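**Q** my questions are about this predicted structure, shown below with the sequence.
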Amino acid sequence: QVQPVESGGGLVQAGGSLRLSCAASALSFSSYVMGWFRQAPGKEREFVAAISWSGGSTYYADSVKGRFTISRDNAEGTVYLQMNTLKPEDTAVYYCAANRRLRTTMPYDYWGQGTQVTVSS
C-alpha cells in the first residue's frame, strides 16, 4: 500500500524550529502534489502547505505564511516542512499527503499516519 511516512515531530519551546520530513518513495513521486495538513485536539484537520509537482509553486495557510516553508526533493522522493518561530497554537498532529491534482483542500489521495508537534509556551 502506498503511504507517505512522516518524521521529525517532537516537543519544542515557543519561538523554536522543527523540520518535518515525509518520504513517499513508493509513489511516482514527481507525479504528485504534496501537502501538509494538521489536526489539533478537538479541531478539524486543516491545510498547512502544498507544493506543486516540480516544486515551482508553493501555497500556505495564512496562519503559517512567513514562518513555514515547504520544499521537495523529487530525486529522494521526500517533502519537507521547515517550521520556524513556532507558536503554541501550532501544536497538532501533522500529516503528509499526496494528490495527483493541485489543491489546497481535502481530499488527498494518500495520507501518512502523522507526526506529533508540541510547542510549549
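**A** Received it, and whenever you're ready, just let me know what you need.
**Q** in which helix or strand would I find the residue nearest to Gln82 when sequence neighbours are not counted?
**A** The shortest distance from Gln82 to any non-neighbouring residue, by CB to CB, 6 or more residues apart in numbering, is to Thr69 (4.4 Å). The C-beta positions use only the backbone N, C-alpha and C, and glycine is treated the same way. Assigned by DSSP states H and E, Thr69 belongs to strand 68-73.
**Q** rounded mean pLDDT for that strand, please.
**A** For strand 68-73, the mean pLDDT works out to 98.
**Q** right, and the helix or strand after that strand?
**A** Downstream of strand 68-73 (by DSSP H and E), the next one is strand 78-83.
**Q** elements contacting that next one?
**A** For strand 78-83, the packing partners by 3 or more CB pairs under 8 Å, 6 or more residues apart in numbering; DSSP states H and E come out as strand 18-23, strand 33-39, strand 46-51, strand 68-73.
**Q** for the spatially most central residue of the chain, give me the pLDDT.
**A** By CA atoms, centre = their mean, the mean C-alpha position of the chain lies nearest to Trp36, the distance being 2.5 Å. You'll see Trp36 listed with a pLDDT of 98.
**Q** okay, and the beta partners of it?
**A** Ala49, Cys96 (DSSP bridges).
**Q** can we start the residue count at 303 from this point?
**A** Sure, I'll start numbering at 303, so the last one becomes Trp338.
**Q** lovely, talk soon.
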